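K.L.:
Sequence first, predicted model second:
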Amino acid sequence: MNKVFAGLVFIGVPVSVAGSLLHWSSVLMFVIYCLTIISLAAFMGRATESLAVVSGPRIGGLLNATFGNAVELIISIFALKAGLIGVVLASLTGSVLGNLLLVAGLSFFIGGVKYKRQKFNVFDARHNSGLLMFAVIVAFVIPEIFSMEMNESKTMTLSIGISIILIALYLCALFFKLVTHRGVYQQNENAKAHEEEEAEWSKGKAILILLLSTVAVAYVSERLVHTFEEVGRTFGWSELFIGVIIVAIVGNAAEHASAIIMAFKNKMDVAVEIAVGSTLQVAMFVAPVLVLVSLFFQTNMPLVFTIPELVAMVSAVLVTIVISNDGETNWFEGATLLAAYVIMGIGFYLL
């Protein structure tokens, strides 16, 4: 399987460049770009697994989420520059839903089919639950409610203030998990398994592959964005559906593949860290950074989502917290998350 993905990478990247320069059919290029991104995501998954063995599941999952979200951040900045505020907010919504429901759901389901019960660090799960509640339910809902009584200038000022607070708290959360309380809440069985395992690649090689793969994914993803309009017309997809579902899935392909691979190998600490950690990074870092970056463009982006987007994100957070807070999972809980994602996907499609 690794040879197949390697072949797709070495063929897909040059073909993607050639196709974009020669202006091939948008629908054909859409398929080529997606296959190339999936194969690149497989490399990122192997690199993440090596980093998780060398550096631990927290750092491995964090690095994977960071490199993966870098792709989405790049795509969103291009969209902001073009004034596509609605698409950017929709893609952020899609990232939250995709990570919490689709990625976690697939990881729990596929891992649960192979293993009756899968355990992960319950202390990390509870810590992440609090941050999810704050980031999505507090920081995203308040701008929407308060903006009803404010003009655009005050709404933007509120968004800037909340964005700065979110970034500061996210950095504090990283400092808490990786410095002051690193290893304090580590479960013994996970630590023992970690010590006995041998990494496929060295730390330097894994980081280099992650970096190169991210650059390639960023290029291919940026080209993929230009095919959405034609593909949307061909398949009857709305701009909202493309932003919430398609852009989010493609932009987070690396995390999707990596988390599922980790769950299949019963490395649930890494899988959960990728899915939930990526959500927290989107909500507490990527979204606030985009608000601040938009100040340099003609059209500013307030941190104000639509009511359907907010309801969907809050629902996803609550369902994920209820399912994951016990530190155990199985295939049925994964199926529940996937069912919630499909229901929301149908809703956004019909909108």
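P.N.:
Happy to help now that I have it.
K.L.:
Show me where the stretch 251-351 of the chain has its helices.
P.N.:
Listed in chain order, the helices of the stretch 251-351 of the chain (DSSP state H, counting those that start in this stretch) span residues 253-264, 268-281, 287-293, 307-324, 331-350.
K.L.:
do the same with the stretch 1-150 of the chain
P.N.:
2-22, 26-55, 57-81, 85-97, 104-114, 122-132, 141-147.
K.L.:
closest to Val250 out of these?
P.N.:
With Cβ to Cβ as the criterion, Val250 lies closest to helix 26-55 of the helices of the stretch 1-150 of the chain, at 6.1 Å. For glycine as for every other residue, the C-beta is placed from the backbone atoms N, C-alpha and C.
K.L.:
which parts of that closest one are buried?
P.N.:
Neighbour-count burial for helix 26-55 flags 26, 29-30, 32-55 (criterion: 16 or more other Cβ atoms under 10 Å).
K.L.:
And the average pLDDT for it is what?
P.N.:
On average, the pLDDT along helix 26-55 is 79.
K.L.:
give me the low-pLDDT residue ranges for this protein?
P.N.:
By pLDDT under 70, the low-scoring segments of the chain are 1-5, 45, 52, 56-58, 60-61, 64, 68, 71, 182-197, 251-255.
K.L.:
Tell me, how many residues neighbour the residue nearest to Ser76 when sequence neighbours are not counted?
P.N.:
Of all residues not flanking Ser76 in the chain, Val88 sits nearest, at 4.9 Å (Cβ to Cβ, 6 or more residues apart in numbering). Residues lying near Val88 (other Cβ atoms under 10 Å) number 25.
K.L.:
hang on, isn't Val88 packed against Phe78?
P.N.:
No: in this structure, Val88 is not within contact of Phe78 by Cβ atoms under 8 Å, at 9.6 Å.
K.L.:
Next secondary structure after the host helix or strand of Glu222?
P.N.:
Element membership of Glu222 [criterion: DSSP states H and E] is helix 203-225. Later in the chain than helix 203-225, the nearest helix or strand by DSSP H and E is helix 228-235.
K.L.:
buried stuff in the helix or strand just after that next one?
P.N.:
Moving toward the C-terminus from helix 228-235, the next helix or strand (DSSP H and E) is helix 239-241. Residues of helix 239-241 classed as buried by neighbour count (16+ other Cβ under 10 Å): 240-241.
K.L.:
ditto for stretch 120-137
P.N.:
Using 16+ other Cβ under 10 Å as the test for burial, stretch 120-137 gives 120-121, 124-125, 127-129, 131-132, 134-136.
K.L.:
Dump the helices of the stretch 251-351 of the chain into CSV; add distance to Glu200 and mean neighbour count as well.
P.N.:
Putting the helices of the stretch 251-351 of the chain into CSV (distance: least, Cβ to Cβ, whole Å; neighbours: other Cβ atoms under 10 Å) gives the following:
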stretch, distance to Glu200, mean neighbour count
helix 253-264, 12, 28
helix 268-281, 14, 29
helix 287-293, 33, 21
helix 307-324, 28, 20
helix 331-350, 26, 17
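K.L.:
Leu158 is nearest to which of these?
P.N.:
Ranking the helices of the stretch 251-351 of the chain by proximity to Leu158 (Cβ to Cβ) places helix 287-293 first, at 10.4 Å.
K.L.:
Give the other helices and strands that the closest one contacts.
P.N.:
Packing partners of helix 287-293 (3 or more Cβ pairs under 8 Å, 6 or more residues apart in numbering; DSSP states H and E): helix 57-81, helix 85-97, helix 152-175.
K.L.:
List just the nearest of the buried residues of stretch 120-137 to Leu63.
P.N.:
Asp124 (16.1 Å).
K.L.:
Touching, the closest one and Ala271? I think so.
P.N.:
No: Asp124 is beyond contact range of Ala271, at 11.8 Å (criterion: Cβ under 8 Å).
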